[in-house]
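Asker: sequence unknown, structure follows:
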């Protein structure tokens, strides 16, 4: 079962073209922050590394060449897959194992013909013949996607976080307990080993002193939500000045429209403040979600029913839902009814997708809009629907999702085998190998596809 759990984690990384991110870290408000370094590694845990007396830029580990087991001229492209020994290697679309399984993690090949791999918990690059382009030296537990400034979060063996460049070298040494990635202005919230948060720039300089128990990215209005050591929330400007003094027991980040939900000290409910800290809508909401992409706010009334308000705080949708999420860039928001079913609505409160699902995605992958999204049917199986609610992949899987590269990733409902298919159900990448070491069935059209 441990191998299966590792496989699940590894396959989730295949959506990126390099190092992939994990889900975001969450503060005590429960609101998402920036990216946390995500699991681009095989089994890892406590160990030696930066901060424990060992030089992370030390000698390269002895690395055997992962010789291909077929002629070099075999037709690509090659995809990461699980080899019979339980480690990762590469196969072509016909299921031929091309590069031996010696890796704890194997990532998709990049446009330059190289792929990042984890060998004995150290990261290096190979070419399409399995030869080392960059021998693994640095050992990471986790690595995130790369940010616009060319850096990615990485977790060293001792658990500390820093930032690496595109060659996998430490650009900012791993001296932090947690990090939240860089924003478009090149600032990143980081937690020191004393568990206090501050901000650094792309060169690792501390630009805002670490003295907060939590900190989030700067909003479009230039203010960042921070939590003081006394447990109260306030908002900083980019110079590190407290623009809105900490006087809230709960708060959410500012949205693009310039309002933020906050719960003042001594108040039971959330109200709305502007960027000057003035209360423009009196506290009267029992719960509040994060920012939407439009001018509607996801809030719950005093009875706990959710809806959306305008900037004056008046409900224009509901309140009548058990839960709603903020509107995404596609102009749609998810909602959940009392029976637990989920659907999608638009800004006019029209049900674009009826509540027919136990779970429903929002037609985005890593913040980018997509034509398809995973859905969990009331029968308990997963499939893929289009924006009209039609099943593109019929519900017949224990798991199903849609990737940015256009592939459908599935796990069979009666086994632990994974597959990659196009929307017509044609296999694009083999299931890999099951526990007996036998290849999964190849070339057959799965019953679950239209």
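Answerer: Received, thanks. Computed from a predicted structure; not experimentally measured. Residues are numbered from 1 along each chain as shown.

Asker: Give the buried residues for stretch 125-144.
Answerer: 125-126, 128, 130, 132, 134, 136-144 (16 or more other CB atoms under 10 Å). Using the backbone N, CA and C atoms, a C-beta is placed for each residue, glycine as well.

Asker: how far out from the middle of the chain is stretch 381-391?
Answerer: Averaging C-alpha positions (CA atoms, centre = their mean, to the nearest Å) puts stretch 381-391 22 Å from its chain's average.

Asker: err, stretch 202-222, not the other one
Answerer: Counting by CA atoms, centre = their mean, stretch 202-222 comes out at 21 Å from the chain centroid.

Asker: in it, what counts as buried?
Answerer: 202, 204, 208, 210, 212-219, 221.

Asker: And for stretch 236-246?
Answerer: 236, 237, 243, 244, 246.

Asker: ok, the closest residue in space to the first one that isn't next to it in sequence - contacts?
Answerer: Which is residue 236. Of all residues not flanking residue 236 in the chain, residue 224 sits nearest, at 4.8 Å (CB to CB, 6 or more residues apart in numbering). Residues near residue 224 by CB atoms under 8 Å, 6 or more residues apart in numbering: 189, 199, 215, 216, 217, 218, 235, 236, 237, 238, 253.

Asker: residue contacts, the second one?
Answerer: This points to residue 199. 187, 188, 189, 190, 206, 207, 208, 215, 224, 240.

Asker: pLDDT on the helix or strand in which residue 141 is found, on average?
Answerer: According to DSSP states H and E, residue 141 maps onto strand 140-146. Taken as a whole, strand 140-146 has a mean pLDDT of 69.

Asker: which residues make contact with stretch 239-252 from outside it?
Answerer: By CB under 8 Å, 6+ apart, stretch 239-252 touches 29, 31, 199, 207-209, 223, 225-228, 230-237, 260-265, 267, 270, 273, 275-277, 288-291.

Asker: Now find how far off-centre it is within its chain.
Answerer: Using CA atoms, centre = their mean, the mean C-alpha position of stretch 239-252 is found 27 Å from that of the whole chain.

Asker: try stretch 279-296
Answerer: On CA atoms, centre = their mean, the centre of stretch 279-296 falls 25 Å from the chain's centre.

Asker: how about it: buried residues?
Answerer: For stretch 279-296, burial by neighbour count (16+ other CB under 10 Å) applies to 281, 283-296.

Asker: before we move on, back to that, look at the residue nearest to residue 236 and report its pLDDT.
Answerer: So residue 224 comes in at 97 (pLDDT).

Asker: Okay, it and residue 241: tell me how far apart.
Answerer: 11 Å (CB to CB, to the nearest Å).

Asker: which residues sit against the helix or strand hosting residue 283?
Answerer: Using DSSP H and E, residue 283 sits within strand 279-285. With CB under 8 Å, 6+ apart as the test, strand 279-285 has contacts from 259, 261, 263-264, 267-274, 299-302, 309, 312-313.

Asker: Buried members of the residues you listed into ChimeraX, please.
Answerer: For the buried members of the contacts of strand 279-285, the matching ChimeraX selection, counting by 16+ other CB under 10 Å, is:
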select :259,261,263,264,267,269,270,271,272,273,274,299,300,301,309,313
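
Asker: Filter the contacts of strand 279-285 down to the ones in strands?
Answerer: 261, 263, 264, 270, 271, 272, 273, 299, 300, 309 (DSSP state E).

Asker: Turn those into a markdown table, columns for distance to residue 395 and pLDDT.
Answerer: Shown next, in a markdown table, are the ones in strands among the contacts of strand 279-285 (distance: CB to CB, whole Å; pLDDT from 0 to 100):
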| residue | distance to residue 395 | pLDDT |
| --- | --- | --- |
| 261 | 36 | 97 |
| 263 | 40 | 98 |
| 264 | 46 | 97 |
| 270 | 38 | 98 |
| 271 | 43 | 98 |
| 272 | 40 | 98 |
| 273 | 44 | 98 |
| 299 | 33 | 98 |
| 300 | 31 | 98 |
| 309 | 35 | 98 |
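
Asker: related to what we said a few turns ago, taking the buried residues of stretch 236-246 as a set, which two sit the farthest apart in space?
Answerer: 237 and 246 (14.0 Å; CB to CB).

Asker: Check the offset of the strand or helix carrying residue 172 from the chain's centre.
Answerer: For residue 172, the element it lies in under DSSP H and E is strand 170-176. Centre-to-centre, strand 170-176 and its host chain are 21 Å apart (CA atoms, centre = their mean).

Asker: Adjacent strands (with direction) for the helix or strand that it is followed by?
Answerer: Using DSSP H and E, the helix or strand that follows strand 170-176 towards the C-terminus is strand 178-179. Using DSSP bridges, the strands paired with strand 178-179 are strand 188-191 (antiparallel).

Asker: Okay, now the unreliable bits of the protein?
Answerer: 1-73, 121, 143-145, 366-367, 404-405, 415-420, 426-450 (pLDDT under 70).
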